[in-house]
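# structural data only, the sequence is not supplied:
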């Protein structure tokens, strides 16, 4: 389609959308479109309109118009995907489908422990609902914003904190609308009388849920997520480590505990810079405005804040005697490598009370917030970290895209072995040093055998060289991780230069995905991109 034809088709589609949906559900003003185009990196694409469906019928209507006029559409849940693309689409001249108005909590079943939600439901919204209705159930919360979509994170296969940290694994019963407007229900949920629709993941026949994650095969309008019962006894496990090798040794040993079933929660290891960035921004006043942060100064500041080289946290909950047994096993397992501290929930609640009277940048306040996060309450603490290179951190609403924060996430997956942890950290530190960026890393034990590194590239987009340097560093990291065998579990729209490596034309896996895309969306109207599943 030529540019002139696309503009003509866009105009006709806009008129039809406005006629069928109403003026309150469409906005094609330049100001609005620009807001949705904005990202935390130099990569973005043009938006021609933003659509705000409020029901499945609205989505079916707008998709049929998009199909007829061949207008690409890009669905978002809440647009809080900072560092991976925010709300910007994957191609130019695209209409955004903003699902934030589809924010109903359709059901919470306290007997079987699940919730049925729409894509606009936020972490904070479900947390408050569970708390205010005395359900006795807990959400597995992520380190994303409290205003982030639960469904959106699950579809990116994000991970949280609890024994349900693999969030996609603990979901079921998707409701999906395909490009032609047809509706698919997965698992047992396409049988109206099925009593196990929300509590059995697989159903009968081929398993389809997975193909709708990290893909552009359909728009998810409903999903069931499983919830945890509030534990009888719980607390926060804290581990302090001296260097990268100690982290590798610790993860190596914890792998055994996880494989034996003694450690069920997702443990997160954050290096000194990751923790420090949640407490304060870059100390420009101590470096005469120069970056990066010198290692001696980093160590001095971290010592003042009681931050170790590496800091691990994880929630442990259950029956009191089982929790105590797990803590004893943790300490025995890590004897000679690391000190293990366990803070019971009673003490954690006291810390929370004291933290109310402290600065948001205090370690006590941050630890209190993280304690609550382990118990299912979302927090803004991790989001504050992306302001690291900014001159100041907003005291109220955090809006990284509009505050011109530079954020890129690189998220390779690696085996939970000492040699792989040390190898990955060597690659990371060397590459970040080459581009004068601070090494900002967290390692999360995803399951019994693998962990994921989330490497943050944080910079100030007001810096005239910031975007260029960060983009070069990002692609160097991806290339070096790929060569070492550490493939990312997800990537953002700023990864286009690496797509030729990740999505090879001779790879039968991606060729199969292309064939599925061709069958479900032959005109490629849902989130088309340069490579991958276009």
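Sure thing, it's come through. Predicted model, so just to flag it, every value in this text is computed and none were measured. Numbers count the residues shown, from 1 in each chain.
# which stretches of the stretch 301-450 of the chain have low pLDDT?
Residues of the stretch 301-450 of the chain meeting the criterion pLDDT under 70: 347-367.
# where do the strands sit along it?
310-318, 339-344, 405-410, 413-415, 441-445, 450-460 (DSSP state E, counting those that start in this stretch).
# for those, which one ends up most surrounded?
A comparison of the strands of the stretch 301-450 of the chain by mean neighbour count, using mean count of other C-beta atoms under 10 Å, puts strand 405-410 on top with a mean of 26. From N, CA and C alone the C-beta is placed, and that goes for glycine too.
# please name the strands paired to that one in the sheet, noting orientation.
Here the strand partners of strand 405-410, with direction, are listed using DSSP bridges: strand 450-460 (antiparallel).
# buried set for the helix or strand just after the partner strand?
Scanning forward in sequence from strand 450-460 by DSSP states H and E, the next helix or strand is helix 466-484. Of the residues in helix 466-484, those buried under the neighbour-count criterion (16 or more other C-beta atoms under 10 Å) are 466-467, 469-471, 473-478, 480-481.
# in a markdown table, list the strands of the stretch 301-450 of the chain along with distance to residue 288.
Putting the strands of the stretch 301-450 of the chain into a markdown table (distance: least, C-beta to C-beta, whole Å) gives the following:
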| stretch | distance to residue 288 |
| --- | --- |
| strand 310-318 | 29 |
| strand 339-344 | 37 |
| strand 405-410 | 21 |
| strand 413-415 | 38 |
| strand 441-445 | 27 |
| strand 450-460 | 16 |
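# figure out which of these is closest to residue 89.
Taking C-beta to C-beta as the criterion, strand 405-410 is the member of these that comes nearest to residue 89, at 17.9 Å.
# next, the angle from the closest one to helix 466-484.
10 degrees (axes from the mean of the first three to the mean of the last three C-alpha atoms, to 10 degrees).
# before we move on, the earlier item: closest to residue 139 out of the strands of the stretch 301-450 of the chain?
Using C-beta to C-beta as the criterion, the shortest distance between residue 139 and these is 12.8 Å, found for strand 310-318.
# quick one: strands adjacent to that closest one?
Counting by DSSP bridges, the strands paired with strand 310-318 are strand 233-241 (antiparallel), strand 268-271 (antiparallel).
# out of those strands, deepest packed?
strand 268-271 (a mean of 25).
# which strands or helices does the next helix or strand after it pack on?
The element immediately downstream of strand 268-271 (helix or strand, assigned by DSSP H and E) is helix 272-279. Using 3 or more C-beta pairs under 8 Å, 6 or more residues apart in numbering; DSSP states H and E as the contact criterion, the neighbours of helix 272-279 among helices and strands are helix 295-304, strand 310-318, helix 363-374, helix 381-384, strand 441-445, strand 450-460.
# if you average pLDDT over each of the strands paired with strand 310-318, which is lowest?
Among the strands paired with strand 310-318, strand 233-241 carries the lowest mean pLDDT, a mean of 93.
# ok, residues contacting the helix or strand following that strand?
Helices and strands here follow DSSP H and E; after strand 233-241, the next one along the chain is helix 244-259. Outside helix 244-259, the residues within contact range by C-beta atoms under 8 Å, 6 or more residues apart in numbering are 239, 241, 263-264, 267, 269, 309-310, 312, 329-330, 333-334, 337-338, 416-422, 425-426, 429, 443, 445, 447-449, 451.
# switch the cut-off to 6 Å
241, 263, 269, 310, 333-334, 337-338, 416-418, 421-422, 425, 448 (C-beta atoms under 6 Å, 6 or more residues apart in numbering).
# buried residues, it. List them.
244, 246-255, 257-258.
# what of stretch 167-175?
The neighbour-count criterion (16+ other C-beta under 10 Å) identifies 167-168, 170-175 as the buried residues of stretch 167-175.
# how long is it from one end to the other?
Criterion C-alpha to C-alpha, to the nearest Å; first-to-last residue distance in stretch 167-175 is 17 Å.
# list of residues touching it?
Residues contacting stretch 167-175 (C-beta under 6 Å, 6+ apart): 154, 157, 160, 164, 185-187, 189, 197-198, 201, 209, 220-226.
# if we go to 8 Å?
Taking contacts as C-beta under 8 Å, 6+ apart, the residues outside stretch 167-175 that touch it are 56, 114, 116, 140, 142, 153-155, 157-160, 164, 183-189, 197-201, 208-209, 212-213, 220-226.
# wait, residue 467 sits on residue 41?
Yes: counting by C-beta atoms under 8 Å, a contact exists between residue 467 and residue 41, whose distance comes to 6.9 Å.
# the contacts of stretch 167-175 in helices, which ones?
Filtering these for membership in helices, criterion DSSP state H, returns 56, 153-155.
# determine which two of the residues you listed are furthest apart.
Pairwise distances across the ones in helices among the contacts of stretch 167-175 peak at 21.3 Å for 56 and 153 (criterion: C-beta to C-beta).
# more neighbours: the two, which one.
Under the criterion of other C-beta atoms under 10 Å, the comparison of residue 56 against residue 153 puts residue 153 first, with 22 against 17.
# so the more buried one is in contact with residue 142, correct?
Yes: in terms of C-beta under 8 Å, residue 153 counts as a neighbour of residue 142; the distance is 5.7 Å.
# ok, the ones in helices among the contacts of stretch 167-175 vs residue 108, which is closest?
Checking the ones in helices among the contacts of stretch 167-175 against residue 108 by C-beta to C-beta gives residue 154 as the nearest, at 16.9 Å.
# so what's the closest one up against?
Shown here is residue 154, whose contacts under the criterion C-beta under 8 Å, 6+ apart are 167-168, 171, 213, 223, 225.
# quick revisit: which one of the contacts of helix 244-259 sits closest to residue 410?
Sorting the contacts of helix 244-259 by distance to residue 410 puts residue 425 at the head of the list, at 13.1 Å, by C-beta to C-beta.
# ranges for the helices of the stretch 51-200 of the chain?
Using DSSP state H, counting those that start in this stretch, the helices found in the stretch 51-200 of the chain span residues 56-69, 123-132, 150-155.
# just checking, residue 272 touches residue 304?
No: between residue 272 and residue 304 no contact is recorded; they are 12.0 Å apart, counting by C-beta under 8 Å.
# which among the contacts of helix 244-259 count as buried?
Among these, those buried by neighbour count (16+ other C-beta under 10 Å) are 241, 263, 269, 310, 333-334, 337-338, 416-418, 421-422, 425, 448.
# contacting residues for residue 207?
If a contact means C-beta under 8 Å, 6+ apart, then residue 207 has residue 186 as its contacts.
# can you do 10 Å?
Residues counted as contacts of residue 207 (C-beta atoms under 10 Å, 6 or more residues apart in numbering) are 186-187, 201.
# any idea how far it is from residue 200?
Going from residue 207 to residue 200 by C-beta to C-beta, to the nearest Å gives 11 Å.
# between the two, which contacts overlap?
residue 187.
# contacting residues around the residue nearest to residue 489 when sequence neighbours are not counted?
Of all residues beyond its chain neighbours, the one nearest residue 489 is residue 413 (4.9 Å), with distances taken as C-beta to C-beta, 6 or more residues apart in numbering. Contacts of residue 413 were listed using C-beta under 10 Å, 6+ apart, and they are 420, 424, 444, 446, 450-453, 481, 485-490.
# ok, so of those, who is nearest residue 235?
Ranking those by separation from residue 235, with C-beta to C-beta as the measure, puts residue 444 on top at 19.4 Å.
# so the closest one touches residue 267, yeah?
Yes: between residue 444 and residue 267 there is a contact at 7.2 Å, judged by C-beta atoms under 10 Å.
# done for today, thanks.
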